[in-house]
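# Using only what follows, build the 3D model:
(one chain, ligands or ions: 1)
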Amino acid sequence: MREERGESRVISSALSEIIREEASKIGRKVRFMNFCGTHEWTTVHYGLRTLMPGNVELVAGPGCPVCITPSYYIEKAVELAMRGIRVYSFGDAYKLPALKPINGAKSLSDARSAGGNVSIVYSFLDAVQDAEEYRRDSVFLGIGFETTAPSYAILFYNNKVPRNLFFMSVLRLTPPAARYALEYGASKGEKVDGVIAPGHVSAVIGSDPWIFIAKDFGIPAVISGFEPIDVLVSVAMLLRMLNRGEVDVKIEYNRVVKPHGNIKAKELINRVFEEEDASWRGLGFIERSGLDLSDGFSDNNAFLHLVEKQKEWSYDMPPGCKCAEVVLGVAKPTDCPMFMKACTPSNPFGPCMVSMEGTCAVWARFGGGGLADEVAREIGI
Ligand code: SF4
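Numbers count the residues shown, from 1 in each chain. Sure thing, here's the model as predicted:
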């Protein structure tokens, strides 16, 4: 253990040196955006921002599925639970506050306190097994990105989902949102110079869907793993690519990610789901950025039997919450006057404070600087 820590220290120290050298060659300020809540967690928990030279800024992007789940779907889930229909939800969406309260309940947590029928599950399989015994109408709040979609798809594909369990799909696709965030940042004068692309999502979809970052925006991207050293290597790679004028998408997380992704998982997703225009909380509808059950699975589609799918969108952040700007990388949690005042992890006011992967929640738990002092001491800088 001690040896491992020693090795990590040497590697981190060497990487910090490379980052400093490459950053000094650039001679201007650069912003790198991550698209994955787990990258933000690693960056903050290990204090990686404080290891960056003054001209390198790391910003968070829209990579937390709970943060971008539209208020509309939480309101519908609360409504169903209050009507006595069992709603299955992952724990990290349980406290997600909706914009409009339903009979005084703003979240599934409130609904359960008020006698609503809410069940927290660890997986879709848990919901399937419980619904089989329950036998009455129930609904699963299907939040997630491409990483989660195969775990839903395999149960539908193998005909394991009982007729009384309806699926409310809030599945979202990350590349269209990444494009949106890059365009938005540029329009606000906050251009991104490189992207730390998501490792888990890319393990499913591969690196090919990220080529547009290089092609359309003329900036490099690196698909990164989640250890602190992975993130440091990715930053070093991005800086080096900028210095060499390489506009490309590279894979740092090559122990898991292949250019074409996981072919079987992609096939499963394509057999069970179909792409559609979909809404993102705080952002609105983004073209072909969501998945819903295809016609072959319509018996279980909540939008055909229990609730109407969202057709129109209006801004759905609570007044004063800057979460929309936070997920687009143009504001930091600390820019929000409510951060750690009216909005805390135990009493979240906005959606970015709910999930362990929400940027505000991560900053709240680890102080934005994380273990920086300790890390800095260890690697002797
Ligand atoms: Fe929204 Fe809370 Fe984050 Fe402020 S601190 S942006 S209110 S989630």
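# what helix or strand does Met33 sit in?
Secondary structure from DSSP states H and E places Met33 in strand 30-34.
# And the next helix or strand past that strand?
Next helix or strand after strand 30-34 toward the C-terminus (DSSP H and E): helix 37-45.
# can that following helix be found next to the ligand?
No: Helix 37-45 stays clear of the ligand (C-beta under 6 Å from any ligand atom), getting no nearer than 12.7 Å. (Each C-beta comes from the backbone N, C-alpha and C, glycine too.)
# What's the separation between Leu108 and the ligand?
The spacing between Leu108 and the ligand, counted by C-beta to the nearest ligand atom, to the nearest Å, is 17 Å.
# Could you check the pLDDT of Trp313?
The predicted structure scores Trp313 at 92 on the pLDDT scale.
# Run through the strands of the stretch 101-250 of the chain in chain order.
118-121, 138-144, 165-172, 194-197, 221-223, 249-251 (DSSP state E, counting those that start in this stretch).
# Parallel or antiparallel, list what pairs with the fourth one.
To tie it back to what came earlier, the one meant is strand 194-197. Partner strands and pairing direction for strand 194-197 (DSSP bridges) are strand 30-34 (parallel), strand 221-223 (parallel).
# Which one of the residues in the chain is closest to the ligand?
Scanning the chain for proximity to the ligand using C-beta to the nearest ligand atom identifies Gly350 as nearest, at 2.4 Å.
# for that residue, what are its contacts?
Counting by C-beta atoms under 8 Å, 6 or more residues apart in numbering, Gly350 makes contact with Pro97, Met317, Pro318, Cys321, Lys322, Cys323, Cys336, Met338, Cys343, Cys360.
# got a winner among these for most neighbours?
Comparing the contacts of Gly350 on neighbour count, Cys360 comes out first with 33 neighbours (neighbours: other C-beta atoms under 10 Å).
# isn't that one right up against Thr334?
No: between Cys360 and Thr334 there is no contact, the gap being 9.2 Å when judged by C-beta atoms under 8 Å.
# Tell me where the model's unsure across the stretch 1-150 of the chain.
1-5 (pLDDT under 70).
# 90 instead?
Low-confidence regions of the stretch 1-150 of the chain, defined by pLDDT under 90, span residues 1-13, 27, 35-37, 50, 63, 92.
# Quick check: residues of it near the ligand?
Residues of the stretch 1-150 of the chain lying near the ligand by C-beta under 6 Å from any ligand atom: none.
# could you pull out the helices for the stretch 1-150 of the chain?
Counting by DSSP state H, counting those that start in this stretch, the segments of the stretch 1-150 of the chain that form helices are 2-26, 37-45, 71-82, 108-113, 124-134, 149-157.
# highest average neighbour count across the strands paired with strand 194-197?
Of all the strands paired with strand 194-197, strand 221-223 has the most neighbours on average by mean count of other C-beta atoms under 10 Å, namely a mean of 29.
# Name the residues of stretch 98-115 that are buried.
Neighbour-count burial for stretch 98-115, counted by 16 or more other C-beta atoms under 10 Å, picks out Ala98, Leu99, Ile102, Ala105, Lys106, Ser107, Leu108, Ser109, Asp110, Ala111, Arg112.
# Distance to Glu146 for those - can I get that in a markdown table?
Putting these into a markdown table (distance: C-beta to C-beta, whole Å) gives the following:
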| residue | distance to Glu146 |
| --- | --- |
| Ala98 | 25 |
| Leu99 | 27 |
| Ile102 | 30 |
| Ala105 | 31 |
| Lys106 | 29 |
| Ser107 | 26 |
| Leu108 | 24 |
| Ser109 | 27 |
| Asp110 | 30 |
| Ala111 | 29 |
| Arg112 | 30 |
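# between those residues, which is nearest Pro220?
Lowest distance from Pro220 to the buried residues of stretch 98-115 (C-beta to C-beta) belongs to Leu99, with 37.6 Å.
# Quick check: the gap between the nearest residue to the closest one once chain neighbours are set aside and Gln310.
Leaving aside its chain neighbours, Leu99 sits nearest to Ser71 (4.1 Å; criterion: C-beta to C-beta, 6 or more residues apart in numbering). In this structure, Ser71 and Gln310 are separated by 10 Å, where distance is defined by C-beta to C-beta, to the nearest Å.
# Tell me which of the two has more neighbours.
Neighbour totals were compared for Ser71 and Gln310, and Ser71 leads with 24 against 18 (other C-beta under 10 Å).
# Touching, that one and Asp316? I think so.
Yes: using C-beta under 8 Å, Ser71 makes contact with Asp316 at a distance of 3.9 Å.
# that older thread, tell me the angle of the strand holding Met33 relative to helix 2-26?
With axes from the mean of the first three to the mean of the last three C-alpha atoms, to 10 degrees as the criterion, the two stretches strand 30-34 and helix 2-26 enclose an angle of 140 degrees.
# I appreciate the help and will end here.
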